[in-house]
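Asks: sequence and predicted structure are below.
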Amino acid sequence: MAKTRTKYVCQNCGRQSPSYMGRCPACREFNTMVQEVEEVARPASRKAEARRAAVPRGEPQRLSEISTEAGERWRVPMGEFNRVLGGGIVPGSIILLGGDPGIGKSSLLLQTCAALSQTVGRVLYVSGEESARQIKLRADRMELQADDLYLLTETNLSDILEHVTQIDPTVLIIDSIQTIYTEQSESSPGSVTQVRECASRLQMLAKTSGTSVFLVGHVTKEGNIAGPRVLEHIVDTVLYLEGDPFQAYRLLRSVKNRFGATSEVGVFEMSGLGLVEVPNPSEFFLAERVTNAPGTAIAITMEGTRPLLVEVQALTSPTTFGNPRRTPNGVDFNRLLLIGAVLTKRMGLKLYEQDIFINVIGGLKVGEPASDLAMATAIASSYYDNAVPADLAIVGEVGLSGELRAVSQLPARLNEAAKMGFQRALIPKIRRNVADLPSDLELMQARNIGEALAIAVPK
């Protein structure tokens with residue numbers, strides 16, 4: 001008889017402890033330690049032998065003898081989804097999709113598997129949260145037709161694998177992994193042990209059978225996929241579906257991809273027929289732009305390999321409290337503090353007596369330093385109550401001494417600005433030859449923040 005061992009596992013960070021603690025020492029969260037009973041198998045147990053027998057035995061191969069001619073990717077008839085995946089779905093890959101509740105994860109995957117069932121073969125959609133009738137109602141509302149799409153309402157992993165053996169699907173959807181459990185573990189569904197064990201067996205299924213597996217993951221209150229980060233190490237690709245629930249637009253972001261570039265972003269619009277891709281995101285982010293308004297600037301950012309033009313708005317107002325407020329929306333808080341300090345120290349702006357509010361239009365989160373100059377320009381524009389020229393796009397990183405530093409992929413950024421109709425671009429001083437710069441865009445170069453503001457926000 002196998003021995004059992006009791007342990008307490010934090011459901012937020014995964015730390016294990018032999019005894020219960022009210023507060024996890026690792027993540028400092030309260031009441032997250034849950035008791036789990038683990039079965040300790042003997043070294044030569046039958047379970048271990050059966051598991052080794054189920055996995056094909058690998059043989060060492062010379063690097064020069066390994067063939068790289070794999071099967072073609074399965075392209076989804078959604079260009080934005082293909083871009084984020086790196087060109088399509090790789091056969092035998094396992095993909096994790098996370099996002100807030102109600103953001104559109106199930107709708108996106110239902111559209112995807114309905115389209116794939118018409119091109120690549122059978123698709124099995126397993127739901128542990130909704131009934132087959134509820135999924136059918138959503139499919140009818142979205143006007144989806146798919147004869148080779150099979151629906152299954154099940155949470156037992158063993159039963160799911162039996163149906164997979166019978167149907168032999170090309171693509172398997174698990175919605176969601178936190179509802180699936182295996183009888184080999186006595187932990188409750190959604191616990192760290194269950195999630196890790198179920199994901200590992202599904203990974204083995206994908207690698208041995210060639211079936212592509214999509215996993216839907218719940219997110220924590222911090223916005224990370226619950227697990228904790230166990231799933232992100234097991235899967236090949238991690239996608240996040242982001243967006244403001246009060247807006248119709250959604251951003252599909254890749255944070256890990258073994259078969260493509262990371263940090264790629266696909267833009268979708270939520271409609272009655274599901275998620276509709278937005279082919280020109282820059283036009284979407286600038287659609288409701290008000291020209292010649294103080295406190296606005298156009299930043300040229302990069303999301304993966306795609307350049308995007310976004311509107312950065314700033315508002316400064318005299319504070320009524322002892323400590324002025326700094327409220328960012330879509331930018332990093334520490335980056336806002338840095339820009340405010342540079343403008344106060346190097347440019348003499350009295351921002352220590354001003355509340356500063358920053359907002360990136362469209363719900364996009366801009367994290368790269370190349371948006372520093374646009375943020376600084378928007379703040380100075382609001383402070384002086386002087387509008388930035390409407391035909392000026394801005395890109396550049398701001399240093400602590402007020403100098404402007406070069407940014408990566410400058411030709412791609414400027415070509416996107418020229419395509420969107422901008423006539424001028426404010427950039428850091430070019431100190432080396434850069435090819436493929438647009439000829440129909442006037443480049444206005446500056447060495448420091450003072451020269452840049454003299455161009456963009458003349459007093």
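Replies: Everything's here; your move. Numbers count the residues shown, from 1 in each chain.
Asks: next, the contact list for the nearest residue to Gly396 once chain neighbours are set aside, please.
Replies: Take Gly396 and drop its neighbours on the chain: the residue closest to it by Cβ to Cβ, 6 or more residues apart in numbering is Leu373, 3.6 Å away. C-beta coordinates here come from the backbone N, C-alpha and C atoms, glycine included. When the contact criterion is Cβ atoms under 8 Å, 6 or more residues apart in numbering, the partners of Leu373 are 299, 394-398, 404, 426, 428, 449, 452.
Asks: look up how far Phe422 lies from Leu373.
Replies: Computed as Cβ to Cβ, to the nearest Å, the Leu373 to Phe422 distance reads 15 Å.
Asks: kindly indicate which of the contacts of Leu373 lies nearest Gly330.
Replies: Gly330 lies nearest to Ala299 out of the contacts of Leu373, by Cβ to Cβ, at 10.5 Å.
Asks: checking my notes, the closest one in a helix, right?
Replies: No: the assignment for Ala299 is strand, going by DSSP: H, G, I helix; E, B strand; the rest coil, so no helix is present there.
Asks: how about the nearest residue to it, chain neighbours excluded?
Replies: The spatially closest residue to Ala299, leaving aside those adjacent along the chain, is Ala374, at 3.4 Å (Cβ to Cβ, 6+ apart).
Asks: against Ser187, how distant is the one you found?
Replies: In this structure, Ala374 lies at 49 Å from Ser187, with Cβ to Cβ as the measure.
Asks: those two: who's more crowded?
Replies: Neighbour totals were compared for Ala374 and Ser187, and Ala374 leads with 31 against 20 (other Cβ atoms under 10 Å).
Asks: that one touches Ile298, doesn't it?
Replies: Yes: between Ala374 and Ile298 there is a contact under Cβ atoms under 8 Å: 6.8 Å.
Asks: now the common contact residues for these two.
Replies: What both Ala374 and Ile298 touch, as defined by Cβ under 8 Å, 6+ apart, is the set 312, 394.
Asks: residue ranges with poor pLDDT in the stretch 151-300 of the chain?
Replies: Residues of the stretch 151-300 of the chain that meet the criterion pLDDT under 70 lie in 220-229.
Asks: can you name the residues that contact the spatially closest residue to Glu242 that is not a sequence neighbour?
Replies: Among residues not flanking Glu242 along the chain, Leu251 sits closest, at 4.6 Å (Cβ to Cβ, 6+ apart). Taking Cβ under 8 Å, 6+ apart as the definition of contact, the neighbours of Leu251 are 241-243, 265-268, 363-364.
Asks: if we go to 7 Å?
Replies: The neighbourhood of Leu251, defined by Cβ atoms under 7 Å, 6 or more residues apart in numbering, consists of 242-243, 265, 267, 364.
Asks: next one: Thr32
Replies: Applying Cβ under 7 Å, 6+ apart to Thr32 gives the contacts 10-12, 24.
Asks: ok, and the most crowded of these?
Replies: Top of these by neighbour count (other Cβ under 10 Å): Asn12, with 23 neighbours.
Asks: is that residue in contact with Asn31, as I believe?
Replies: No: taking Cβ atoms under 7 Å as the contact criterion, Asn12 and Asn31 are not neighbours in contact, 10.0 Å apart.
Asks: contacting residues around stretch 353-367?
Replies: By Cβ under 7 Å, 6+ apart, the surrounding residues in contact with stretch 353-367 are 243-244, 247, 249, 251, 284-285, 299, 301, 310-319, 324-332, 336, 340, 375, 379, 383.
Asks: rounded mean pLDDT for that stretch, please.
Replies: Averaging pLDDT along stretch 353-367 gives 90.
Asks: and the strands in the stretch 101-250 of the chain?
Replies: 123-127, 149-153, 171-175, 212-217, 237-242, 249-257 (DSSP state E, counting those that start in this stretch).
Asks: neighbouring strands for the very next helix or strand once past the longest one, and are they parallel or not?
Replies: In this case it means strand 249-257. Counting by DSSP states H and E, the next helix or strand C-terminal to strand 249-257 is strand 265-271. Partners of strand 265-271 in the sheet, by DSSP bridges, are strand 249-257 (antiparallel), strand 274-277 (antiparallel).
Asks: format those as JSON lines; extra columns: distance to Arg75.
Replies: Output for the strands paired with strand 265-271, formatted as JSON lines (distance: least, Cβ to Cβ, whole Å):
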{"stretch": "strand 249-257", "distance to Arg75": "16"}
{"stretch": "strand 274-277", "distance to Arg75": "13"}
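Asks: buried subset of the contacts of Leu373 as a PyMOL selection?
Replies: Selection command for PyMOL covering only the buried members of the contacts of Leu373, criterion 16 or more other Cβ atoms under 10 Å:
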select buried, resi 299+394+395+396+397+398+404+426+428+449+452
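Asks: nearest to Asp440, out of the contacts of Leu373: which one, please.
Replies: When those are compared against Asp440 (criterion: Cβ to Cβ), the nearest one is Leu426, at 16.3 Å.
Asks: give me the pLDDT value at that closest one.
Replies: 96.
Asks: sheet partners, orientation included, of the strand or helix carrying it?
Replies: Following DSSP H and E, the helix or strand that holds Leu426 is strand 424-428. Each strand that pairs with strand 424-428, with its direction, by DSSP bridges: strand 392-394 (parallel), strand 442-446 (parallel).
Asks: highest mean neighbour count out of those?
Replies: Among the strands paired with strand 424-428, judged by mean count of other Cβ atoms under 10 Å, the one packed with the most neighbours on average is strand 392-394 (a mean of 25).
Asks: chain center to that strand: distance?
Replies: Distance of strand 392-394 from the chain centroid (Cα atoms, centre = their mean, to the nearest Å) equals 27 Å.
Asks: equivalent analysis for stretch 374-389, please.
Replies: For stretch 374-389, the gap between its own C-alpha mean and the chain's C-alpha mean amounts to 30 Å (Cα atoms, centre = their mean).
Asks: buried sites along that stretch?
Replies: Applying a neighbour-count criterion of 16+ other Cβ under 10 Å, one finds 374-384, 387-389 buried in stretch 374-389.
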